[in-house]
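K.L.:
got a sequence here, can you model it:
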Amino acid sequence: MARRRLVLLLLIIAAAGAAAFGIRRDAPKAYCFYGIGWTGVPYLPGTAAAIYIGNTNSCIAGYHSPPDTATSYRFCIPSWVAFTANATTLCGQPAVDHAAAISGFKRLIGLQPGDPHAKRVAQIAPYKLGEKIGRCSIQVQLDDGAKCRVEDFLPEDVAGILIAHLKSTAEAHLGHRIDNAVVTVPGHFNGNQRQEVSSGSTEYGGFRYVSVVDEQVAAAAAHGLHEDRGDGKVILVFHLGGRTAHATKFVIRDGTPSLIALRHDPFLGGDDFTARVVDHMADLIRDKHGGRDVRADAAALRRLTAECERAKKALSYQQETVVTMRWDDDDDLFSEPLTRSKLEELIGDLVGRAVDLVESCDASGGDVVGVDEILLVGGSTRIPMVRDLVKDYFHGKEASNEKGVEPDEAVIRGALLLSHPHQARYLDPCYDYWHSR
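P.N.:
Model prediction:
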């Protein structure tokens, strides 16, 4: 008996600690037979939700309960969390303008304080980093009315708080409890990082069962490439979001994804593009408005950043737009045209860095030569310059994005699809064991 318990413990440790891209269905028989790998799959419609925690936005989606199982819901909020002076937690838009807001925490999950990425975040984040149980933490000042104190939150705790908020929103919409979740993670997350996300979802969200799926696999599923039409094909997903960039090359055979190569930059995304526009406009404001320094006015800088973000997005569909901003204390109006060509001049080197990830990933395929399917994921891939450079690299080959699947919705749409009971084989590592008996 003792020996069997030891074997089971080793299986649990191996399952939790292994770096695993995708959901493999070659789990040991004992892992399945003794119920160690029980995931609750298939999830019945209405009992499960798909969750995507991004650096910019986070979403929850799910199917409605019978008899309306053909329809689904989706709610998305900014990936911001804040703790007020009286220790009230704010999530989403209410947290964005709060002085103690936390964002960009996803790239800290599972990192140790000495990690180079953690040190880089410490340089650019508006909050302080600390250490908790040997891992990087985010320091938050709390006031319970009696005294002020500093509390350390692990990044996965912050993610869990956001997940709990999304879950409560979905449950209010459905009118009943949600017990299960399909949560997406970046493909470069190792087994421990995946386990931390799963544990945070269970602890804060109160989910009974959590299945973790790679964002890249979910994006492929949104375009139907996880099924027969994509079987055996080499897929390259280029994900360019608000703060991070990824290029991932993999193949799906009989429903099992196998990683070929992956490159990522945790400090490159659409926010960096917007920052270039903000710097350009701030210089123009200084030159045209008597040396006025918008960077020294936090409120004005936020308004300018929001306007530059709007203008950047508009230039994905038109050749020219106008950036306008008015100060609160007078009627002085700043108005300046911005063309697509000027935007490309401002961000050209950053886009080049992003596309370099694609080239490096593609060149690192070992014996696997060529790419059958290209998917562009993330809102920043709407920028024509990005799409054109990727197309040029692949000698004119078009991306395989399906019509109707927006690049910034692909991950949550794919996760939603995988949460359906008809897709259980793609989530359950013991599916073949149970269905081949």
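K.L.:
against residue 126, how distant is the residue nearest the centre of the chain?
P.N.:
By Cα atoms, centre = their mean, the chain has its centre lying nearest to residue 54, at 2.8 Å. From residue 54 across to residue 126, the span is 19 Å (Cβ to Cβ, to the nearest Å). The way it works is simple: take the backbone N, C-alpha and C, and place the C-beta from them, glycine included.
K.L.:
got it, and residue 237?
P.N.:
Residue 237 is 31 Å from residue 126, where distance means Cβ to Cβ.
K.L.:
between those two, who's got more neighbours?
P.N.:
A count of neighbours by other Cβ atoms under 10 Å puts residue 237 above the other of residue 237 and residue 126, at 30 against 10.
K.L.:
show me where the chain has helices.
P.N.:
2-17, 29-33, 93-96, 116-124, 155-174, 191-205, 215-222, 270-288, 298-314, 340-363, 384-393, 410-418, 431-435 (DSSP state H).
K.L.:
how's this structure carved up into domains?
P.N.:
Structural domains assigned to the chain are 77-158, 270-345, following automatic domain parsing.
K.L.:
the ones you listed: which one's closest to residue 393?
P.N.:
Closest to residue 393 of these is domain 270-345 (Cβ to Cβ; 16.7 Å).
K.L.:
between the two ends of that closest one, how far is it?
P.N.:
Start-to-end span of domain 270-345 (Cα to Cα, to the nearest Å) is 15 Å.
K.L.:
quick one: mean pLDDT over that domain.
P.N.:
Here domain 270-345 scores 92 as its mean pLDDT.
K.L.:
burial count for residue 260?
P.N.:
21.
K.L.:
that one contacts residue 234, correct?
P.N.:
Yes - at 7.0 Å, residue 260 counts as touching residue 234 under the criterion of Cβ atoms under 8 Å.
K.L.:
residue 131 touches residue 113, doesn't it?
P.N.:
Yes - using Cβ under 8 Å, residue 131 is in contact with residue 113, at 4.9 Å.
K.L.:
flag every buried residue along stretch 315-335.
P.N.:
Buried residues in stretch 315-335, counted by 16 or more other Cβ atoms under 10 Å: 315-316, 321, 323, 325, 327, 334.
K.L.:
just the ones of those in strands?
P.N.:
Members of the buried residues of stretch 315-335 lying in strands (criterion: DSSP state E): 321, 323, 325, 334.
K.L.:
and those, which two are furthest apart?
P.N.:
With Cβ to Cβ as the measure, no two of those lie farther apart than 321 and 334, at 14.2 Å.
K.L.:
before we move on, the earlier item: save the helices of the chain as a markdown table, and put in mean neighbour count too.
P.N.:
Shown next, in a markdown table, are these (neighbours: other Cβ atoms under 10 Å):
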| stretch | mean neighbour count |
| --- | --- |
| helix 2-17 | 12 |
| helix 29-33 | 15 |
| helix 93-96 | 16 |
| helix 116-124 | 13 |
| helix 155-174 | 21 |
| helix 191-205 | 20 |
| helix 215-222 | 28 |
| helix 270-288 | 18 |
| helix 298-314 | 17 |
| helix 340-363 | 18 |
| helix 384-393 | 17 |
| helix 410-418 | 27 |
| helix 431-435 | 16 |
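K.L.:
could you export the ones you listed as JSON lines, including distance to residue 104?
P.N.:
Below are those laid out as JSON lines (distance: least, Cβ to Cβ, whole Å):
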{"stretch": "helix 2-17", "distance to residue 104": "26"}
{"stretch": "helix 29-33", "distance to residue 104": "36"}
{"stretch": "helix 93-96", "distance to residue 104": "13"}
{"stretch": "helix 116-124", "distance to residue 104": "7"}
{"stretch": "helix 155-174", "distance to residue 104": "9"}
{"stretch": "helix 191-205", "distance to residue 104": "16"}
{"stretch": "helix 215-222", "distance to residue 104": "16"}
{"stretch": "helix 270-288", "distance to residue 104": "9"}
{"stretch": "helix 298-314", "distance to residue 104": "15"}
{"stretch": "helix 340-363", "distance to residue 104": "17"}
{"stretch": "helix 384-393", "distance to residue 104": "21"}
{"stretch": "helix 410-418", "distance to residue 104": "18"}
{"stretch": "helix 431-435", "distance to residue 104": "36"}
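K.L.:
so which of those gets nearest residue 250?
P.N.:
Of all those, it is helix 215-222 that lies closest to residue 250, at 6.7 Å by Cβ to Cβ.
K.L.:
picking that back up, find the nearest non-adjacent residue to the residue nearest to the centre of the chain, please.
P.N.:
residue 79 (5.7 Å; Cβ to Cβ, 6 or more residues apart in numbering).
K.L.:
do you know how far that neighbour is from residue 70?
P.N.:
Distance of residue 79 to residue 70, computed by Cβ to Cβ: 30 Å.
K.L.:
just residue 90 next, same as before
P.N.:
From residue 90 to residue 70 the distance is 35 Å (Cβ to Cβ).
K.L.:
what of residue 191?
P.N.:
Shown here: residue 191 relative to residue 70, a distance of 36 Å by Cβ to Cβ.
K.L.:
do the same with residue 205
P.N.:
Relative to residue 70, and taking Cβ to Cβ, residue 205 is found at 26 Å.
K.L.:
now do residue 219
P.N.:
From residue 219 over to residue 70 the distance is 23 Å, taken as Cβ to Cβ.
K.L.:
list the contacts for the nearest residue to residue 421 once chain neighbours are set aside?
P.N.:
In space, and not counting its chain neighbours, residue 421 is closest to residue 42: 3.6 Å by Cβ to Cβ, 6+ apart. Each residue near residue 42 by Cβ atoms under 8 Å, 6 or more residues apart in numbering is listed here: 421-422, 424, 428.
K.L.:
can I assume residue 226 is in contact with residue 255?
P.N.:
Yes - with contact defined as Cβ under 8 Å, residue 226 reaches residue 255; the gap is 6.7 Å.
K.L.:
of the two, which one has the most company?
P.N.:
The residue with more neighbours, out of residue 226 and residue 255, is residue 226; 26 against 19, by other Cβ under 10 Å.
K.L.:
give me the number of residues near residue 247?
P.N.:
When counting by other Cβ under 10 Å, one arrives at 27 neighbours for residue 247.
K.L.:
you'd agree it is up against residue 216?
P.N.:
No - Residue 247 is beyond contact range of residue 216, at 9.5 Å (criterion: Cβ under 8 Å).
K.L.:
understood, closing this out.
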